[in-house]
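Colleague: Build the 3D model from these lines:
(one chain, ligands or ions: 1)
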Amino acid sequence: MSERLVIATRASRLALWQAEHVQVRLQALYPNVQVDLLKLSTRGDEILDRSLSKVGGKGLFVKELELALLDGRADLAVHSLKDVPVDLQEPFELSTILARADCRDAFVSNRYARIAELPAGAIVGTSSLRREAQLRSRFPHLQIEPLRGNLDTRLSKLDNDQYAAIILAAAGLDRLGLAHRIKHHIDVEDSLPAAGQGALGIEILASRMALRSLLQPIGCEVTTACAIAERTVSKMLGGSCQVPLAAYARVDDGVLRLRGLVATPTGRSIYRAEACGGLGIAVELGEQVASELISQGADKILAALSEPQA
Ligand SMILES: NCc1[nH]cc(CCC(=O)O)c1CC(=O)O
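Modeller: Numbering: from 1, shown residues only. So this is what the prediction gives:
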């Protein structure tokens, strides 16, 4: 076994928390291995002020870390699973998925206790088309405005009174000790989460078989099955953060229940599908949900969104 493992991570507060979490887990499991962090700044972090969907999407957060894996500066990269592209491929591999934390979206406001209390015209900040479409559909009287930046930046924009409320992933707030900012957790019926939301994923070079086995004990079988089902939906629908697409699975009494959703950004059309089955058929359940969404017309929504914009 190697004496030292290096974890590549983005330098944001959330990314560091996540990398340190994996560091602690590995250190506890392998006290004789030295586990270090390599902090990198990614293109995604440098251009947070512009709309990410216009500059190249989620891959931006991952690429810089992959370079470190390729040239041997790092052994593993820790990501928020939801930021890991579904088309990840050789020489890279998503080797390990850790147990999921809270997967819901959170309602954050200084003035309102519930999303249902917001008055007509209230400005709600989110840059996720998935959240925007679902909010517009459920609460058509609200005004949805873009909100970018890391978690601290987004909260300070709320505190500056630029928004009546903002919507963020609960897991990120929990990890940064900001759970007290959450006024309530939005029910998954009102805002179906993004594929992988709330889970951490570890990326390695696919050739590192010994490393994969070393990481295996910190993975979670149930979350892995859910994530595979969710990511299959995104993959089949060509998902990225440019499309209003949600996929959420949970396991109860050994049965995996997967729900998927595709919407127009206005929220006027929303297609939903779901499927249930054993953990061993996660891919098939994902394919089933994606096919059902396509047969309802989801592919037309997605094709219209991917046309070049003037
Ligand atoms: N989109 C960026 C991002 N990637 C992961 C999280 C939070 C943690 C998670 O969902 O695992 C966030 C913040 C957010 O969406 O509010």
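
Colleague: What is the neighbour count of Gly280?
Modeller: 9 (other C-beta atoms under 10 Å). Yep, even glycine has a C-beta here, placed from its N, CA and C like the rest.

Colleague: Ok, the one 3 residues further on next?
Modeller: With neighbours defined by other C-beta under 10 Å, the count for Val283 comes to 14.

Colleague: Going by neighbour count, which residues of stretch 226-236 are buried?
Modeller: Using 16 or more other C-beta atoms under 10 Å as the test for burial, stretch 226-236 gives Cys226, Ala227, Ile228, Ala229, Glu230, Arg231, Thr232, Val233, Ser234, Lys235, Met236.

Colleague: which residues does the last one contact?
Modeller: By that I understand Met236. Contacts for Met236 (C-beta atoms under 8 Å, 6 or more residues apart in numbering) come out as Gly286, Glu287, Ala290, Ser291, Ile294.

Colleague: so what's the third one up against?
Modeller: Looking back up the chat, that one is Ala290. Counting by C-beta under 8 Å, 6+ apart, Ala290 touches Thr232, Val233, Met236, Leu237, Gly260, Ala273.

Colleague: tell me which residues in the host helix or strand of it are buried?
Modeller: Using DSSP states H and E, Ala290 maps to helix 282-296. Neighbour-count burial for helix 282-296, counted by 16+ other C-beta under 10 Å, picks out Ala282, Leu285, Gly286, Glu287, Gln288, Val289, Ala290, Ser291, Glu292, Leu293, Ile294, Gln296.

Colleague: the helices in the chain, which residues?
Modeller: Secondary structure of the chain (DSSP state H): helices located at 13-29, 43-46, 52-55, 59-70, 129-138, 151-159, 170-175, 209-215, 221-236, 282-296, 298-306.

Colleague: What is the burial count for Ser33?
Modeller: Actually, residue 33 is Val rather than Ser. 14.

Colleague: can you list the residues of the protein near the ligand?
Modeller: Ser80, Lys82, Asp83, Leu168, Ala169, Ala171, Gly172, Gln197, Gly198 (C-beta under 6 Å from any ligand atom).

Colleague: Of all the residues in the stretch 101-250 of the chain, which one is nearest the ligand?
Modeller: For the stretch 101-250 of the chain and the ligand, the shortest gap (C-beta to the nearest ligand atom) falls at Gly172, measuring 3.2 Å.

Colleague: And that residue, how far from Leu76?
Modeller: From Gly172 over to Leu76 the distance is 21 Å, taken as C-beta to C-beta, to the nearest Å.

Colleague: same check, this time on Ala8
Modeller: Separation of Ala8 from Leu76 (C-beta to C-beta): 7 Å.

Colleague: who has more neighbours, those two?
Modeller: Shown here are Ala8 and Leu76; by other C-beta under 10 Å, Leu76 has more neighbours (27 against 24).

Colleague: Can you tell me who that one pairs with across the strands?
Modeller: Leu76 has these beta-bridge partners by DSSP bridges: Ile7.

Colleague: Now do the contacts for it.
Modeller: Per C-beta under 8 Å, 6+ apart, neighbours of Leu76: Leu5, Val6, Ile7, Ala8, Val22, Leu69, Ser95, Ile202, Glu203, Ile204, Leu211, Leu215.

Colleague: Once you drop chain neighbours, what's closest to the fourth one?
Modeller: For Ala8, the nearest residue in space outside its immediate sequence neighbours is Ala74; the separation is 3.6 Å by C-beta to C-beta, 6 or more residues apart in numbering.

Colleague: Just to check, that neighbour is in contact with Leu38?
Modeller: Yes. Judged on C-beta atoms under 8 Å, Ala74 makes contact with Leu38 at a distance of 4.9 Å.

Colleague: Now the common contact residues for those two.
Modeller: Val6, Ile7, Ala8, Ala68.

Colleague: What number of residues are in the vicinity of the residue lying closest to Arg131 once chain neighbours are set aside?
Modeller: Once flanking residues are discounted, Arg131 sits nearest to Ile167: 5.1 Å by C-beta to C-beta, 6+ apart. Neighbourhood size, Ile167 [other C-beta under 10 Å]: 25.

Colleague: repeat for Glu90
Modeller: Neighbour count for Glu90, taken as other C-beta under 10 Å: 8.

Colleague: That one and Leu205, how far apart?
Modeller: As judged by C-beta to C-beta, Glu90 and Leu205 stand 9 Å apart.

Colleague: Could you double-check that the residue nearest to Arg131 lies in contact with Val124?
Modeller: Yes. When contacts are counted by C-beta under 8 Å, Ile167 is listed as touching Val124 (6.6 Å).

Colleague: Residues in contact with both of these two, list them for me.
Modeller: The contact sets of Ile167 and Val124 overlap at Leu135 (C-beta under 8 Å, 6+ apart).

Colleague: Can you tell me how far the spatially most central residue of the chain is from Val255?
Modeller: Centroid-nearest residue in the chain, with C-alpha atoms, centre = their mean: Lys82, separated by 2.2 Å. For Lys82, the distance to Val255 equals 24 Å [C-beta to C-beta].
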